[in-house]
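Student: just coords:
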Ligand SMILES: [Zn+2]
């Protein structure tokens, strides 16, 4: 299936996208990971993107669309994907429609994960990352057994620039203004499935899979 996963920063999109990809025997395309990799390698795109990410702003549409176009071209005719982190604006959603129409491979569903904002702030501001192996921890819900060091490689953990409290509030405001309108966009196209994102990771995955399997059966019935 071809799925877009939507939700505010901190809602658990990355984790759920990985689990959905595994369940569906497909892959997760994470634009956040692609961007961070470009930043790490200091490619021209990475250098430009970092300026926006550090401020909690969205990376410009043209940059994001170029990045996704490459990824989707490599997936044409294969077994779908879970798109995580894109689209984030109406302009990006329009561009995605065009790309998918070219390949005649429309989306099957757009899954929206809902979690209230206070919980998102708590989740994001407690996040700590290993700068070496990229493992992610949480000061409350998933602390490292090695304290301030990464339990896998011993490197001192850091708070990513985009997880600092003031940046988190900015990211949530940007989400409300620019990404939240996508819910109506996909609702009117009959693609939106909204899911309660609170609670156990596995329970949330199950909540997503149930309506997805129904959507899959309906499609099989139509064709
Ligand atoms: Zn590490």
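Tutor: Right, received. Where do you want to start? Treat the numbers as computed from the prediction; the structure is a model and nothing was measured. Numbers count the residues shown, from 1 in each chain.
Student: Where does the closest residue to residue 133 other than its chain neighbours sit: helix, strand or coil?
Tutor: Distances taken as CB to CB, 6 or more residues apart in numbering put residue 153 closest to residue 133, at 4.9 Å, once the chain neighbours are dropped. C-beta: built from backbone N, CA, C; applies to glycine. Classification of residue 153 using DSSP: H, G, I helix; E, B strand; the rest coil returns coil.
Student: In contact with residue 153, which residues?
Tutor: Residue 153 makes contacts with 130, 132, 133, 135, as judged by CB atoms under 8 Å, 6 or more residues apart in numbering.
Student: Next up, phi/psi of it, please.
Tutor: phi -130, psi 0 (degrees, to the nearest 10).
Student: where's it relative to the ion, distance?
Tutor: 3 Å (CB to the ion, to the nearest Å).
Student: Equivalent analysis for residue 30, please.
Tutor: From residue 30 to the ion the distance is 19 Å (CB to the ion).
Student: Pull out the buried positions in stretch 161-169.
Tutor: 162, 163, 167, 168 (16 or more other CB atoms under 10 Å).
Student: Could you measure from residue 25 over to residue 165?
Tutor: 39 Å (CB to CB, to the nearest Å).
Student: which ones are touching the closest residue to residue 2 other than its chain neighbours?
Tutor: Excluding its sequence neighbours, the residue lying closest to residue 2 (CB to CB, 6+ apart) is residue 80, at 4.7 Å. Contact partners of residue 80, counting by CB under 8 Å, 6+ apart, are 1, 2, 3, 24, 26, 108.
Student: Would you reformat these as TSV and include distance to residue 192, pLDDT and neighbour count?
Tutor: Listed next are the contacts of residue 80 as TSV, based on distance: CB to CB, whole Å; pLDDT from 0 to 100; neighbours: other CB atoms under 10 Å:
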residue	distance to residue 192	pLDDT	neighbour count
1	15	88	17
2	15	93	20
3	12	95	25
24	19	85	20
26	20	88	18
108	12	93	17
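Student: Out of the residues you listed, name the ones that lie in strands.
Tutor: 2, 3 (DSSP state E).
Student: And for the residue lying closest to residue 192 once chain neighbours are set aside, the neighbour number?
Tutor: Leaving aside its sequence neighbours, residue 192 sits nearest to residue 186 (CB to CB, 6+ apart; 4.3 Å). Applying other CB atoms under 10 Å, we find 21 other residues in the vicinity of residue 186.
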